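[1] What follows is a predicted structure for the sequence shown.
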Amino acid sequence: MKKFKRLAAILLAGAMVFGLAACGETAVNTPASTADTTVSTSTDTANTDVEPAASSDEKVKLTMWCIATEGDSNRASYEKAIADMKEKYPNVEFEWEAIENETYKTKIAAAMAANEVPDIFFTWSCAFLGDFVKEGKVYCLDDTLAKYSSELPESMLGNTTYDGKHYGVPLTMNIVALFANMDLLAQAGWDKVPENYDELMQCCDDLLAAGIIPFGCAGGETWCVTEYLEPIIQKTIGSKALNDIFVNGATYDNPDVAKAVDTFQAMIDKGYFDPAGASLPNDDVKQNFIDGRTAFYQNGTWNCADFSKVDGLNVKVTEFPVIDSSKSKLGQLIGGPSDTLAVSASSPNAELAAEYAAELGKLICHYGYLDGCGLPAWIPYGDTSNINPLTQAVAEICANADSYVLFGDTAQSAVDKDPYLDAVAKVYGKELDGAGFIAELKQNIR
Amino acid sequence: MYRKNKGIHIFLFLLPALALFIGVLIYPIFASVHHSLFEYRTFTDPGQFVGFKNYTDLFTPQYDFGKAIINALILAALSVFIQLPLSLGLALMLGKGIKGERVYLSVYFMPVLISAVVIGMLWEKIYNPIYGLVTKTFEYFNWSGLPAAGLLGDKKTALLAVFIPTIWQYVGYHMLMMYAGVKSVSPDLREAAMLDGATDSQINRYIIIPCIKPIIKVSIIFAITGSLKSYDLIKVFAKDAYNCSYKVPSLLLVRYAFHNAGGIASAIAVMMIIMCFAFAIIINQMFKERD
């Protein structure tokens, strides 16, 4: 009995200490039609006049979660759009909350499980939203978006369409691009951005000889490593092969993927990457680029807004050059419309929330484009002549795009994403070479 | 009759606490065991029954749980053999009643009051490979040997670099518990020993430490179970990095719980519970034998 009491006491003590532990085919996207029009001004579709839309006196409360925190480059576009919406929908009492990116992914997943999702929520397209759609948690927007067919091209809805039904309002679209600090390149004897792979390698050698580190990459955030690795794989094996792997279930067991990984590691071995970036977060690495510590920074084009605001920063933007021209070509890009607003199926005012989300999405897209936070998924309207030159250069890259492959961590399902990012981190940490990368992913994914 | 009623009354008074205890602590443990036997790719759908597959999968390279366990055990060892002796030393020194005792007590206890996130960000700046205090100190004295990637970026040094603030933060916590124990020892015993000619170290060894053994036992249990479930500070360092060299079980648990692998996450939770129970029983047995 005494023993039982002691054991029971230990069990209960352990339980108290650890209670908390328990609580615990699509084809390759073809370039969007809007990409061709992004540098032009289209006033015929303009809808800039803010007119009250709802006439009912009864106040309806709508809630939204998003990731436009104070430090986010999209924050201003959200604030302006929401201010416009307050005038347009005076009967809607709108409450919104911005949550930090990584925390948001966890919070929205937990909220979905508990059916405590706000009426409107930010999401990434493809697999991320797809998981929620499969569970029946997302309101279908077919009827709502049909009213906007002249302003929102069907090609921009591909990543949020499941079984032929639309579930998301796309905002801006972004691609991975190579930003170059032209002042640092000039110090290494380069007055232009390298135009092909051999030139890029030569430029890196010249930069090193001049005591300048070529690339900065944030190892503290593995998605930043994919911003380097994915374009290298794409420009080695081609868009179709990469999209087949990400989206259509093709195996990673492809010797050309291994070759691309080895190419990336050869660049690391040559000292092209800032070693200090190994544990740093993206904000620090981005700041290092702005401060002139590294000559190149490869990341999403949402950075155009921030770079264009820095006085004296002479930056040009380009796409990563082709490595194997027999399989890939210029214009094959990583990216596409991913940032999306969706409506909860459990919202008591789902129909109104859908209409509100569509209007809000259009405005966020509009202001985001004007601020340089990306290219518009919606057909642009109003005066777009003051858009920063970097965003205009990105628009030109997209205008000449051949095909898009969505970011690997968005395109792949949540189940596949983890082993993929684990393997990418191992590649950057030199724990896996090309052969090891494809072998591990073949075993852990398919 | 009165006896019968007395029993009912006791039961009724204990019932709310018991219900809360079972609902909040015991039920989730059994729920975790149940969940660990299923796929649970989403929160609401258990998926297929997979038996103990989740437990065997944990030790494959994909989940790398073995490495996480080893890291947690290293942290536990460092806690027991570095953190607790430091805490005990400070408690014994302050317990003697030195000048400025209260000030020292507050200073040593201060890190416990600071949020783990703040401490993590503070140490991250200290370790920064470009402008961090460590880097600048090495540069100032022209010392070599600091990895170019910084202490956090190099696989050989990252584990220790992360564990140093983890251990540092809770030195004050254990010190305070032991200090309370030291202060509760009767001054008569200390005075009697002094009259008999005992030195400070002899008084500590033969009188104070044996008197505070129950507190040392609790500290060891807290240090080990705390190390096995350490999360917050390590998460600040790990950020969104996959495959970091200082992964610990809780870090994997949270990741898989929200990344469509609820069965795996539950298996990790169950393993952690078992390990905590095991260590608690072992430590109790060890102290019982010595008693």
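    Structure received. Residues are numbered from 1 along each chain as shown, chains lettered A, B, ... in the order given.
[2] can you give me the helices for the stretch 101-250 of chain B?
    B:101-113, B:116-127, B:133-140, B:150-153, B:155-184, B:187-195, B:200-203, B:209-211, B:213-228, B:232-238, B:249-257 (DSSP state H, counting those that start in this stretch).
[3] Those helices: which one's closest to chain A?
    helix B:150-153 (3.1 Å; Cβ to the nearest Cβ). From N, CA and C alone the C-beta is placed, and that goes for glycine too.
[4] anything in the closest one near chain A?
    Yes - counting by Cβ under 8 Å from any Cβ of the partner chain, chain A has neighbours in helix B:150-153: B:150, B:152-153.
[5] Count the residues that sit near residue A:63.
    Number of residues near residue A:63 (other Cβ atoms under 10 Å in any protein chain shown) recorded here: 17.
[6] Any figure for the gap between it and chain B?
    Distance of residue A:63 to chain B, given as Cβ to the nearest Cβ, to the nearest Å: 21 Å.
[7] Let me know which of the helices of the stretch 101-250 of chain B is tucked in deepest.
    Per residue and on average, the most neighbours among these fall to helix B:150-153, with a mean of 25 (mean count of other Cβ atoms under 10 Å in any protein chain shown).
[8] can you put the helices of the stretch 101-250 of chain B in a markdown table and add mean pLDDT?
    Compiled in a markdown table, these are given as follows (pLDDT from 0 to 100):
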| stretch | mean pLDDT |
| --- | --- |
| helix B:101-113 | 93 |
| helix B:116-127 | 93 |
| helix B:133-140 | 94 |
| helix B:150-153 | 91 |
| helix B:155-184 | 93 |
| helix B:187-195 | 91 |
| helix B:200-203 | 92 |
| helix B:209-211 | 93 |
| helix B:213-228 | 94 |
| helix B:232-238 | 90 |
| helix B:249-257 | 89 |
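[9] Present those as CSV; the columns should include distance to residue B:273.
    Formatted as CSV, those follow (distance: least, Cβ to Cβ, whole Å):
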stretch, distance to residue B:273
helix B:101-113, 25
helix B:116-127, 22
helix B:133-140, 37
helix B:150-153, 30
helix B:155-184, 21
helix B:187-195, 40
helix B:200-203, 40
helix B:209-211, 31
helix B:213-228, 10
helix B:232-238, 19
helix B:249-257, 11
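[10] For whatever residue of the stretch 251-400 of chain A ends up closest to chain B, give me its contacts.
    Closest approach between the stretch 251-400 of chain A and chain B, counting by Cβ to the nearest Cβ: residue A:278, at 3.1 Å. Residue A:278 makes contact with A:219-220, A:428-429, B:129, B:149-150, B:152-154 under the criterion Cβ atoms under 8 Å, 6 or more residues apart in numbering or on different chains.
[11] can you pick the most crowded of these?
    Result: residue B:152 is most packed of these (other Cβ under 10 Å), 30 neighbours.
[12] what sits against that residue?
    By Cβ under 8 Å, 6+ apart, the neighbours of residue B:152 are A:278-279, B:124, B:127, B:129, B:158, B:161-162, B:237.
[13] nearest spatial neighbour of residue A:336, skipping sequence neighbours?
    Distances taken as Cβ to Cβ, 6 or more residues apart in numbering or on different chains put residue A:404 closest to residue A:336, at 4.2 Å, once the chain neighbours are dropped.
[14] On the three-state scheme, that neighbour is what?
    strand (DSSP: H, G, I helix; E, B strand; the rest coil).
[15] what's the distance between it and chain B?
    Residue A:404 is 24 Å from chain B, by Cβ to the nearest Cβ.
[16] Make TSV from the contacts of residue B:152 and add distance to residue A:89 to it.
    Formatted as TSV, the contacts of residue B:152 follow (distance: Cβ to Cβ, whole Å):
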residue	distance to residue A:89
A:278	48
A:279	46
B:124	43
B:127	49
B:129	50
B:158	51
B:161	52
B:162	49
B:237	44
